[in-house]
Every structure is written in C-alpha cells, then in structure tokens.
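Colleague: here's my sequence, what's the structure:
(one chain, ligands or ions: 1)
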Amino acid sequence: MPNGLDLMYREVVVETRHYTDRLFSFRTTRPQSFRFRSGEFAMVGLETDGKPLLRAYSIASPSWAETLEFFSIKVADGPLTSRLQNVKEGDEIIINRKPTGTLVLDALLPGKTLYLISTGTGIAPFASIVRDPKTYEQYERVILTHSCRWVPELAYGSVLMQTIEEDEVLREIVGGRLTYFSSVTREDHTHVGRITKLIDDGTLFATVGEAPWDPAKDRVMICGSTAMTNDVGNACKRHGLTEGSNSRPADFVIEKAFVG
Ligand SMILES: Cc1cc2nc3c(=O)[nH]c(=O)nc-3n(C[C@H](O)[C@H](O)[C@H](O)COP(=O)(O)OP(=O)(O)OC[C@H]3O[C@@H](n4cnc5c(N)ncnc54)[C@H](O)[C@@H]3O)c2cc1C
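Modeller: The predicted model follows:
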C-alpha cells in the first residue's frame, strides 16, 4: 500500500535544544528544493513501523536559512511528540513537500506597524517572520508578543531575540525596529495576565509606546491556543480591523497553534 513516504523529504537532525520538560526545539538539514514563505507550516514527523506519523509544524526558521528549525511541545502521551522529544543529532525526520498557512506577509495589506501576538509554541511562525528582511522592507516597526503560563516557558523567545542581536547582518536589517513584549499568567514577571487583558486595558500599547490598533496603519498576526486566537481576533475586530487570507489580504490573520 503506498503511504506517501516515498514522496517525503528525509532530513537529518543537526541540533536539539530543551527549554523545559514541555518545550524543545530542533534543527534539521534543508532539502534544496524545499521552498516556503516565512510563517508557513508543514507536515513534519517520524517514520514508525514503515508508516509516516506526521503533525502540522510551523517552520521557525526564515525562508532564507540553510537549515529548518522547529519549536515543539512535548505531550507525554502524544502519538508524535512522545517520540519526537527524544530525537538527537543524526536522527532522521520526515517532512511533507507542501508548506502552507495564513501567517504570511502576503495575507496582509501594507501597513506601518506589524504586531505578532503569540502564546506557547505559537511563537514559532513569528520566529521565522522576525528574521526575514522582507518584514522590515514592508513595516517600519515590528512588535512580537509572547505569553505563557510560567517564566521558563518564555526561554525560546529570549534566545531568539539574543540570536538576532548577536547576528551582525540581522541586527543591521532589524535596525532596532523589533520590540519584544513578554507576559506570563501564573507567576510574577514584568507583565502578568492574559494577553487579551493587556491589550484591552492598554498595557501593551503603553509599554511599546504606540496608540491602540488603527486599521489605517496597524497589521496583526495571531498564533496560539483557540481561546487566545478567538479573543485577540475579536479585539482586532473591535478596533476596526478586518480578517485577511492569502486570497483576500486585509488587516489581521489568525492561525491556531494546535487543535484542542
Ligand atoms: C497549523 C498548525 C501548526 C502547528 N504548529 C506547531 C508547532 O510549531 N509546534 C508544536 O509544538 N505544535 C504545533 N502544532 C500542533 C502539532 O500539530 C501537534 O498537535 C503536536 O506536535 C502534538 O502532537 P502529538 O501527536 O504528540 O499529540 P496530538 O495528539 O497532536 O495532541 C495531543 C494534545 O496535546 C495538546 N497540544 C498539541 N499541540 C500543542 C501545542 N503546540 N501546545 C500546547 N498543547 C498542544 C492538544 O490539547 C492536543 O489535543 C500545530 C498545529 C497546527 C494545526
């Protein structure tokens, strides 16, 4: 029985990094013919008993990078991640050939400030977008928000910001126009509370020094849990922003970081 395995890329893990007992990232080789737009996701996984075991994964590396990076949850009894969390350098992972998704610059109309709102592993597509030079050609300012329950869960975003700062070329492209805003819900931190509350009560805007969302100049991408994407999507609508898609670019776009 054909199961599509022969049509998939087989790539080698070149690096893994564990942040908490629930979160890790891994990098793999990149097939030369694998093209994607920053922000898209692909089906990624492992071959088990001769069959592909695949899940949707946002590609966290930018479209120009030589390797592919992914940021993953570890679900103890998850069919894929109970296994995937044990991958190490030299192991093989499989990737479906057709990346897709709505968190792409093409799905938004031109604007001045781009807000990237994420919870948990929802930061993954934005790790791609904030490292893409096109983002800074199209926007004067980029604001990346990452919200989690606990402070250690913010580690991937802090490392990402540090990586950008330490890369001479990226630092010049970004030119100080990327602002990172982090918040947690379960312990003390600079900003505490759900991101929807921090949007609604004006904390986000006051902190980054911008006026509340205005369809004339602001664009928003949202990625995270269903509750968060719904709530922030509604907040966008209350500010007069219209939801866009690949075929009808508009002011904001949404992708759920997982089904559940
Ligand atoms: C468009 C899209 C993009 C995605 N991108 C990513 C990504 O970049 N990184 C990633 O880790 N996952 C991502 N996911 C989720 C991913 O596809 C899998 O669900 C995840 O890898 C767990 O797989 P599993 O087989 O171990 O468990 P599953 O059976 O798939 O999931 C078991 C349960 O774990 C919970 N869960 C699953 N994924 C997450 C998550 N990311 N955060 C919190 N809880 C979760 C849900 O409640 C789910 O019901 C994405 C999903 C979609 C639809």
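Colleague: quick one: secondary structure of the residue of the chain found nearest the ligand?
Modeller: Nearest to the ligand, among the residues of the chain, is residue 78, at 2.0 Å (C-beta to the nearest ligand atom). (C-beta placed from N, C-alpha, C; glycine too.) Under DSSP: H, G, I helix; E, B strand; the rest coil, residue 78 falls in the coil class.
Colleague: check what pLDDT it gets.
Modeller: Listed pLDDT for residue 78 reads 98.
Colleague: how many neighbouring residues does residue 234 have?
Modeller: Residue 234 has 11 neighbours, counted by other C-beta atoms under 10 Å.
Colleague: element containing it?
Modeller: Residue 234 is part of helix 226-238, with elements assigned from DSSP states H and E.
Colleague: now check that helix, is it near the ligand?
Modeller: No - for helix 226-238, no contact with the ligand is found by C-beta under 6 Å from any ligand atom; the gap never falls below 9.6 Å.
Colleague: same check on stretch 27-38?
Modeller: No - against the ligand, stretch 27-38 shows no contacts by C-beta under 6 Å from any ligand atom, the least distance being 13.1 Å.
Colleague: please state the offset of that stretch from the chain centre?
Modeller: On the basis of C-alpha atoms, centre = their mean, to the nearest Å, stretch 27-38 sits 16 Å off its chain's mean C-alpha point.
Colleague: end-to-end on that stretch?
Modeller: Using C-alpha to C-alpha, to the nearest Å, the end-to-end distance of stretch 27-38 comes out at 16 Å.
Colleague: buried residues, it. List them.
Modeller: 27-30, 34, 36-38 (16 or more other C-beta atoms under 10 Å).
Colleague: try stretch 136-147
Modeller: Of the residues in stretch 136-147, 136, 138-139, 141-147 count as buried by neighbour count, 16+ other C-beta under 10 Å.
Colleague: please enumerate residues in contact with it?
Modeller: 105, 110-119, 123, 126, 129-130, 135, 154, 157, 173-175, 177-185, 194-195, 204, 208, 210, 219, 224, 228 (C-beta atoms under 8 Å, 6 or more residues apart in numbering).
Colleague: what do you get if the cut-off is 7 Å, keeping everything else the same?
Modeller: By C-beta atoms under 7 Å, 6 or more residues apart in numbering, the surrounding residues in contact with stretch 136-147 are 105, 110-119, 123, 126, 130, 135, 154, 157, 173-174, 177-184, 195, 204, 208.
Colleague: can I get the buried part of these as one ChimeraX selection?
Modeller: Here is the ChimeraX selection string for the buried members of those, based on 16+ other C-beta under 10 Å:
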select :105,111,113,114,115,116,117,118,119,123,126,130,135,154,157,173,174,178,179,180,181,182,183,184,195,204
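Colleague: and the residue lying closest to residue 66 once chain neighbours are set aside, how far from residue 95?
Modeller: In this structure, residue 66 finds its nearest non-sequential neighbour in residue 30, 6.0 Å apart by C-beta to C-beta, 6 or more residues apart in numbering. Here the criterion is C-beta to C-beta, to the nearest Å. By it, residue 30 lies 9 Å from residue 95.
Colleague: what do you get for residue 75?
Modeller: Plainly put, residue 75 is 20 Å away from residue 95 if you go by C-beta to C-beta.
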